[in-house]
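Student: with the sequence up front, the predicted model follows.
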Amino acid sequence: MDETLDTLGRTIQDALAPSIKGYGIAHHELTVAGEASDIVPIMRFLRDDERCQFWNIVDITAVDWPGRERRFDVVYHLLSPKHNVRVRVKIETDENTPVASIIEVFPGADWFERETYDLYGIVFTGHPDMRRLLTDYGFEGHPLRKDFPLTGFVEVRYDDELKRVVYAPVRLAQEFRNFDFISPWEGTDYVLPGDEKVGTLGGGQGA
């Protein structure tokens, strides 16, 4: 299987250089790294070339690497029913650089791109309806970014006096508790009943 994927990876890289930066195989899966500016021709090649024939768009998502200059990987998953093989395509972008929509190649990318915009804030140029998909109206921020606060910024509730839904800044009834995640079986900060016997057992052996 890995031999077949390696051949496919070399085929894609040779045909699309310099749009492809490289490829790798891990856990019997092929991942191709592409240039963000060339994502549309890359997708068109993967769909139309007889050696590929990736006709199905399975998913589009992203990964956030906040410490990186181009913090986002936009990740595309494709399936070739003809060859019974999958490929993952990754491109990099930052918070301010949009990515071209691939709807002209895969119309089914519509909601996947909207979801990625909603959850990560990545804008897809050329998308006919670039608006949020999963979060509520009036939602602030993008909840799958690693710097998004666990509480969010606003909360939604029904106001019985106004008889409507209202949005208000998040107010916590109490501050978050601080957890140290130290196991009670380790360290010296915790003493459990019976711990005082440990030093009297002669290294755990009976007399």
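Tutor: Looks like it arrived, so ask away.
Student: what sits against residue 39?
Tutor: 74, 76, 89, 91, 99, 100, 102 (Cβ atoms under 8 Å, 6 or more residues apart in numbering). In this view, the C-beta of every residue, glycine as well, is placed from N, C-alpha and C.
Student: switch the cut-off to 7 Å
Tutor: By Cβ atoms under 7 Å, 6 or more residues apart in numbering, residue 39 lies in contact with 91, 99, 100, 102.
Student: likewise for residue 134?
Tutor: Contacts of residue 134 (Cβ under 7 Å, 6+ apart): 115, 118, 119.
Student: so what does the last one have for phi and psi?
Tutor: Right, the one you point to is residue 119. Note on residue 119: backbone dihedrals following degrees, to the nearest 10 are phi -90, psi -20.
Student: okay, it: pLDDT?
Tutor: Looking at residue 119, its pLDDT is 97.
Student: all strands for the chain, in order.
Tutor: All strands of the chain, identified by DSSP state E, fall at 20-26, 29-34, 56-64, 72-80, 85-93, 99-100, 124-125, 154-159, 164-169.
Student: can I get those strands in JSON lines including mean pLDDT?
Tutor: Formatted as JSON lines, the strands of the chain follow (pLDDT from 0 to 100):
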{"stretch": "strand 20-26", "mean pLDDT": "96"}
{"stretch": "strand 29-34", "mean pLDDT": "97"}
{"stretch": "strand 56-64", "mean pLDDT": "98"}
{"stretch": "strand 72-80", "mean pLDDT": "98"}
{"stretch": "strand 85-93", "mean pLDDT": "98"}
{"stretch": "strand 99-100", "mean pLDDT": "98"}
{"stretch": "strand 124-125", "mean pLDDT": "98"}
{"stretch": "strand 154-159", "mean pLDDT": "82"}
{"stretch": "strand 164-169", "mean pLDDT": "83"}
